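Engineer: one predicted model, sequence on top.
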Amino acid sequence: MVIGAISGLTVSWLILLLILVVWGGWQLITVIRRNQIAKVIDEDTFQAGIRTAQVVDLREKKDFDAGHILGARSIPYSTFKAYHNQLRSDLPVYLYDQGKALSTRAALMLSKEGYDQIFILKTGYARWQGKTKKTKD
């Protein structure tokens, strides 16, 4: 009886390990897909191209109002599927959120719609050192 010899704790650890491996694989696949359709750029490159691009803040409206990159438009990720058609596909799209997670998802969505000039801010808004603006109450 091999099954009887395996303790409940061992089974729990094996299940946990399996979950971690699946999650890690999914994260790796997502990063590979993101890198195929979008370019992750640093802050200096982002600032250099900001005047010729459509800059999209994917954070929720309250976060946008509290402070955002100067010149950005607010299209929260929660409404992005409905409103991404406001973006022109012939111009570069610069995406940012607090980190990179929402930007990656939005980039994948835009790619499926035929957008091919997609850029993601590497450090997200959390570490942005450039010009910002707060929306007045």
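Structural biologist: Right, received. Where do you want to start?

Engineer: in contact with the most centrally placed residue in the chain, which residues?
Structural biologist: For the chain, the residue whose C-alpha lies nearest the mean C-alpha position (C-alpha atoms, centre = their mean) is residue 103; its distance is 2.1 Å. Residue 103 makes contacts with 38, 58, 95, 96, 97, 120, 121, 124, as judged by C-beta atoms under 8 Å, 6 or more residues apart in numbering. Heads up, the C-betas are built off the backbone N, CA and C, glycines and all.

Engineer: for the longest helix anywhere in the chain, packing partners?
Structural biologist: The single longest helix within the chain, with elements called by DSSP state H, is helix 8-37. Counting contacts by 3 or more C-beta pairs under 8 Å, 6 or more residues apart in numbering; DSSP states H and E, helix 8-37 packs against helix 101-112.

Engineer: just the CA atoms of the helix it packs on, as PDB, please.
Structural biologist: The C-alpha atoms that make up helix 101-112 are tabulated as PDB, following Å, rounded to 0.1, in the frame of the first residue of the first chain:
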ATOM      1  CA  ALA A 101       0.200  43.700 -14.900                       C
ATOM      2  CA  LEU A 102      -2.700  45.700 -16.300                       C
ATOM      3  CA  SER A 103      -0.600  47.100 -19.100                       C
ATOM      4  CA  THR A 104       0.300  43.600 -20.100                       C
ATOM      5  CA  ARG A 105      -3.300  42.500 -20.300                       C
ATOM      6  CA  ALA A 106      -4.300  45.700 -22.200                       C
ATOM      7  CA  ALA A 107      -1.400  45.200 -24.600                       C
ATOM      8  CA  LEU A 108      -2.500  41.600 -25.400                       C
ATOM      9  CA  MET A 109      -6.000  42.900 -26.000                       C
ATOM     10  CA  LEU A 110      -4.800  45.700 -28.300                       C
ATOM     11  CA  SER A 111      -2.600  43.300 -30.200                       C
ATOM     12  CA  LYS A 112      -5.600  41.100 -31.000                       C
END
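
Engineer: that concludes my questions; thank you for your assistance.
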